[in-house]
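Chemist: Output the structure for:
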Amino acid sequence: MKRILPIVFLGFSVVMLDGCGGMQMRGTKKKIILQDFAEGRVVQVNITDRLTGAKEMLFVSMPKKSLFFEGYIQGIVTDYEDNPVQGVVVRAVAKGEQKFVAKGEAAFQTSSFDAGVSDSNGIYRIRFSLPILKNRVDIQGKLVYNPGWEQELENLKKAYKPQMDESPFRLYFDQRSGMLVFAEGVRKVIVQPIESGKAAPGRRLPGAAAPAQKKSDKKDGDDLFGDFGFD
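Modeler: Model (predicted):
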């Protein structure tokens, strides 16, 4: 009986310490982001702990938890006249998981992105939940703009065609330094030639103008999607 009591007390102490550690992490008011280089693209971030398996300690199976970095990637969808557009889907696709993921944890510690849809102000938000491994998150991927618009055009005879189909991105977070970075690859800037009054002598500026929008002959209320600005 004397030999069993220390073991039981030790196991009970470990459980208490583990529980207190989790409560302290969730209850802390420590600021997560100390250096923000995301320029407003990543918002409402927080760190949560999740149950990702179990670990054996003595003769007791203890729950195993992992930290996840969560938040939203946001952006704005507009037309060529800078008017907000509602109902456009934007997805984030990860190029690959971090190379430090252990084989036993791969089933649980995987990245997750939910699709975002632009609202009446043209703002979309892509929710993400990414595992923190070795005190950091480092995800590369691409943003896909309104995927499947060709099928929508074929079925509904109207759709929003994106100016660009996709663009690369990298999301990096260092838990120790509190540094958050959201970087995008080479961005394409589109311009169109315009003239005012009598043009200067010489050849005209090369380049194509933005596609002209066709005016609809339908009366108000005839088209269910009239407010969306479809052609």
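
Chemist: For Ile139, name its beta-bridge partners.
Modeler: Judged by DSSP bridges, the bridge partners of Ile139 are Leu171.

Chemist: just checking, it touches Arg170?
Modeler: Yes: look at Ile139 against Arg170 with Cβ atoms under 8 Å: they come within range, at 7.1 Å. To be clear about C-beta, it is placed using only N, CA and C from the backbone, and glycine gets the same treatment.

Chemist: Compare those two (neighbour count), which wins?
Modeler: For Ile139 versus Arg170, neighbours defined as other Cβ atoms under 10 Å are more numerous around Ile139 (21 against 14).

Chemist: What distance do you get for the more buried one to Pro147?
Modeler: As for Ile139, its distance to Pro147 is 19 Å (criterion: Cβ to Cβ, to the nearest Å).

Chemist: One more: Pro63?
Modeler: 38 Å.

Chemist: more neighbours, these two?
Modeler: Pro147 (16 against 11).

Chemist: Which pLDDT does the model give that one?
Modeler: On the pLDDT scale, Pro147 is placed at 90.

Chemist: give the contact list for it.
Modeler: Val89, Arg91 (Cβ atoms under 8 Å, 6 or more residues apart in numbering).

Chemist: Kindly report the same for Ile47.
Modeler: Contacts of Ile47 by Cβ under 8 Å, 6+ apart are Met25, Ile32, Leu67, Phe68, Phe69, Glu70, Ile132, Gln175.

Chemist: Do you know the pLDDT at the third one?
Modeler: Leu67 is assigned a pLDDT of 91 by the prediction.

Chemist: mind listing what's buried in stretch 178-196?
Modeler: For stretch 178-196, a neighbour-count test (16 or more other Cβ atoms under 10 Å) marks Leu180, Val181, Phe182 as buried.
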